[in-house]
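Undergrad: Need coordinates for the following:
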Amino acid sequence: MARGRSGSPGPAAALDGALLLSPLGGLMGAQAVLGLLVWALITNTTYYLHAAYGWVMFVSIFFWIVTVLFFVTYLLQLQLKFYVIPWPLVLMIFNATATVLYTTAFVTCAAAVQPTSWWQWDYNRRAAASFFACLLMIAYGASTFSFRAWKGLGSHAATSQVTDHA
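TA: As a prediction, this is how the structure comes out:
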């Protein structure tokens with residue numbers, strides 16, 4: 001039985017370079033970048049004057065943090081240490097939930113954009129945030145319905161979790 005640096009049984013954490021080139025890694029990276037754009041653009045406006053943007057901020061920041069955590073988990077192959085957890089199913093449920101909630105956030109953000117905004121830069125940033133929220137909704141939807149992501153097929157490290165510890 002191999003021991004990692006921490007002395008715990010199991011493989012040591014190593015970078016999975018193949019993840020970065022896989023569809024799963026590409027979508028997760030795109031989701032992290034687009035999610036950062038959405039909440040950064042809204043944060044730079046007077047969003048606190050409009051209650052609708054509270055929901056958009058919650059959805060964008062929450063799913064950005066969780067997406068980054070999943071990305072780091074897969075990049076460092078930490079899911080191999082927790083092989084009892086059905087990671088492909090967890091990712092599918094997460095992505096489905098993110099798709100539904102980002103749909104509501106996109107609609108809310110787009111509906112709250114008003115061309116008669118107090119400042120022109122608020123209008124531009126809110127419109128851009130709506131656009132990126134739409135792209136993000138599509139990216140989470142693509143991850144949800146990606147056969148490779150939820151069936152565990154492909155080049156990412158989760159494919160060997162059943163055979164390594166069965």
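
Undergrad: how would you label the residue positioned nearest the centre of the chain: helix, strand or coil?
TA: Centroid-nearest residue in the chain, with Cα atoms, centre = their mean: Thr67, separated by 3.2 Å. Following DSSP: H, G, I helix; E, B strand; the rest coil, Thr67 is assigned to helix.

Undergrad: Skipping adjacent residues, who's closest to it in space?
TA: Of all residues beyond its chain neighbours, the one nearest Thr67 is Gln31 (4.9 Å), with distances taken as Cβ to Cβ, 6 or more residues apart in numbering. Backbone N, C-alpha and C define where each C-beta goes, glycine included.

Undergrad: same thing with Leu41?
TA: Ala129 (4.0 Å).

Undergrad: just checking, what packs against the helix or strand hosting that neighbour?
TA: For Ala129, the host element (DSSP states H and E) is helix 120-144. Packing contacts for helix 120-144, counted by 3 or more Cβ pairs under 8 Å, 6 or more residues apart in numbering; DSSP states H and E, involve helix 23-43, helix 52-75, helix 87-112.

Undergrad: Could I get the buried residue list for stretch 28-47?
TA: 28-32, 34-39, 41-42, 45, 47 (16 or more other Cβ atoms under 10 Å).

Undergrad: what's the most distant pair in those?
TA: Met28 and Thr45 (27.0 Å; Cβ to Cβ).

Undergrad: Neighbours of Phe132, how many?
TA: Number of residues near Phe132 (other Cβ atoms under 10 Å) recorded here: 23.

Undergrad: residues contacting it?
TA: Leu34, Leu37, Val38, Leu41 (Cβ atoms under 8 Å, 6 or more residues apart in numbering).

Undergrad: quick check, nearest of those residues to Asn95?
TA: Closest to Asn95, out of all of these and judged by Cβ to Cβ, is Leu34, at 13.7 Å.

Undergrad: That closest one is in contact with Ala139, isn't it?
TA: Yes: using Cβ atoms under 8 Å, Leu34 is in contact with Ala139, at 6.4 Å.

Undergrad: one step back: let's have the contacts of Phe132 in CSV, adding pLDDT and distance to Phe145.
TA: CSV is the format used below for the contacts of Phe132 (pLDDT from 0 to 100; distance: Cβ to Cβ, whole Å):
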residue, pLDDT, distance to Phe145
Leu34, 95, 18
Leu37, 94, 23
Val38, 94, 21
Leu41, 91, 27
